[in-house]
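Novice: quick one, fold the following:
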Amino acid sequence: MKVLVTGGAGYIGSHTILELLRAGHEVFACDNYCNSSPEALRRVRRLANADFGEADVDVRDASRLGKVMTEFSPDAVIHFAGLKAVAASEKVPLEYYDNNVLGTLRLLEAMDSTHCQRIVFSSSATVYGEPKYLPYDEAHPLNPANTYGRTKLVAEQVIADWCAATAGASAALLRYFNPVGAHSSGEIGEDPNGTPDNLMPFVAQVAVGRRPHLNVFGNDYDTRDGTGERDYIHVVDLARAHVAAIELISESTGCEAVNIGTGTAFSVMDMVRGFEAASSRPIPVQFVERRDGDLASYYADASKARELLGWRAELGLKEICGSTWNWQSRNPNGYA
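Specialist: The predicted structure is shown next:
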């Protein structure tokens, strides 16, 4: 299939393009590089030993996006482009709605104009909010507790309404849990701008000396060791879930929400100890007060992904920590 990937140079986008190419799909990548680097796509080409189209495009730019869509004429779209930092979303909510919701609207309009009726959407487990029960399944009430999660939920609803109103349309809404890790080559990985918003890139930057210590927000939760527990999924497993979702929407119609997680929760200190073992370096830790809105524990019921996509996570804590260290130690300053 011909697959257009928005946000293709980003952390998950770059790994997904590599898996798409290896599965034999034709790819075109769009990115405005606001939180990514063109170097990631250059490295994907080397790893895949394959070429693909690429353009500097903001999905909110209807004219530019429409031109790319018309010229490439994709069979399907994977939509990653958007902002994703929870804390930042609370400070600049309009910017998040503009990027994540308006960007989705513009993309669907461009798809309509080029008769493209298949989309895989990069959503988030944050759409669930405070757990009524665990593990989260796709029937769990949707009540996001932050602006980022609300933008993802609104975008999901827009896609679902578009799908219902468009004859023959198909959509997969992939609700990620916590993407971590890097490609085994160490060539591509997570390279956030500024201070990392997520645990593992922060831990990796401590290990290479870019930061003095890791702040752990709370050690008095009702968990095994008092620190927060999360469902961490290896980015390569996540990328492969998108390939499986492309196959699903090519053969079906309608809109499906699917959790993409492992079904297992690791604590912050589990991840720190795993990284210390992988890197043979100590990770200094300071325990500080809890952050507002953080949950004690959450993890996925991923049974629908197994049944609908034929997919399951295969890479565990050892691979997550080992690949993260391989990436960061080979690229201490990221793509720079």
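Novice: for residue 183, list the residues it contacts.
Specialist: By Cβ atoms under 8 Å, 6 or more residues apart in numbering, the contact set of residue 183 is 15, 18, 47, 189, 235, 236, 323, 327. In short, each C-beta sits where N, CA and C put it, glycine included.
Novice: what of residue 335?
Specialist: With Cβ under 8 Å, 6+ apart, residue 335 has these contacts: 37, 39, 40, 191.
Novice: kindly report the same for residue 282.
Specialist: residue 276.
Novice: let me know the secondary structure of it.
Specialist: coil (DSSP: H, G, I helix; E, B strand; the rest coil).
Novice: in terms of pLDDT, where does it sit?
Specialist: Looking at residue 282, its pLDDT stands at 96.
Novice: one more: residue 292?
Specialist: pLDDT at residue 292 comes out at 79.
Novice: measure it to residue 268 for me?
Specialist: Distance from residue 292 to residue 268, counting by Cβ to Cβ, to the nearest Å: 17 Å.
Novice: okay, helices next: where are they in the chain?
Specialist: Under the criterion DSSP state H, the chain contains helices at 11-22, 38-48, 62-72, 86-91, 93-97, 103-113, 147-165, 199-207, 235-250, 268-279, 303-304, 317-330.
Novice: nearest to residue 30, out of those helices?
Specialist: helix 62-72 (6.3 Å; Cβ to Cβ).
Novice: that closest one - what's its average pLDDT?
Specialist: pLDDT averaged over helix 62-72 gives 98.
Novice: next one: residue 29, what pLDDT does it get?
Specialist: On the pLDDT scale, residue 29 gets 98.
Novice: how near is the nearest residue to it once chain neighbours are set aside to residue 251?
Specialist: In this structure, residue 29 finds its nearest non-sequential neighbour in residue 8, 3.0 Å apart by Cβ to Cβ, 6 or more residues apart in numbering. To residue 251, residue 8 is 24 Å away according to Cβ to Cβ.
Novice: who has more neighbours out of the two?
Specialist: Neighbours were counted for residue 8 and for residue 251 using other Cβ atoms under 10 Å; residue 8 has more, 30 against 8.
Novice: before we move on, the earlier item: residue 292 and residue 268: which has the busier surroundings?
Specialist: Legend: neighbour count by other Cβ under 10 Å for residue 292 and residue 268, higher for residue 268 (24 against 10).
Novice: residue contacts, that one?
Specialist: Residue 268 neighbours (Cβ under 8 Å, 6+ apart): 199, 216, 227, 228, 229.
Novice: same thing with residue 219?
Specialist: 225, 226, 227, 287.
Novice: thinking again about what came up before, who wins on neighbours among the contacts of residue 335?
Specialist: residue 40 leads those on contacts (other Cβ under 10 Å) with 26 neighbours.
Novice: please tell me how far it sits from residue 155.
Specialist: 24 Å.
Novice: likewise residue 35?
Specialist: Noted for residue 35: a distance of 17 Å to residue 155, by Cβ to Cβ.
Novice: the two: who's more crowded?
Specialist: residue 155 (27 against 19).
Novice: give the contact list for residue 138.
Specialist: 175, 257, 258, 259, 301, 304.
Novice: pretty sure the fifth one sits against residue 136.
Specialist: Yes: with contact taken as Cβ atoms under 8 Å, residue 301 and residue 136 are classed as touching, separated by 6.3 Å.
Novice: any residues in contact with both of these two?
Specialist: Going by Cβ under 8 Å, 6+ apart, residues that sit against residue 301 and also against residue 136 are residue 259.
Novice: which one of those two is surrounded by more residues?
Specialist: residue 136 (24 against 17).
Novice: please name the nearest non-neighbouring residue to that one.
Specialist: Per Cβ to Cβ, 6+ apart, closest to residue 136 is residue 128, 5.0 Å.
Novice: before we move on, back to that, switch the helices of the chain over to CSV; also include distance to residue 78.
Specialist: CSV is the format used below for these (distance: least, Cβ to Cβ, whole Å):
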stretch, distance to residue 78
helix 11-22, 6
helix 38-48, 14
helix 62-72, 13
helix 86-91, 22
helix 93-97, 20
helix 103-113, 11
helix 147-165, 12
helix 199-207, 23
helix 235-250, 6
helix 268-279, 28
helix 303-304, 19
helix 317-330, 22
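Novice: which of those has the lowest mean pLDDT?
Specialist: Across the helices of the chain, the lowest-scoring stretch is helix 86-91, with a mean of 92.
Novice: for that helix, packing partners?
Specialist: helix 147-165 (3 or more Cβ pairs under 8 Å, 6 or more residues apart in numbering; DSSP states H and E).
Novice: if we go by neighbour counts, what in the helix it packs on is buried?
Specialist: 147-156, 158-160, 162-163 (16 or more other Cβ atoms under 10 Å).
Novice: just checking, residue 181 touches residue 313?
Specialist: No: with contact defined as Cβ under 8 Å, residue 181 does not count as touching residue 313 (10.8 Å).
Novice: noted, bye for now.
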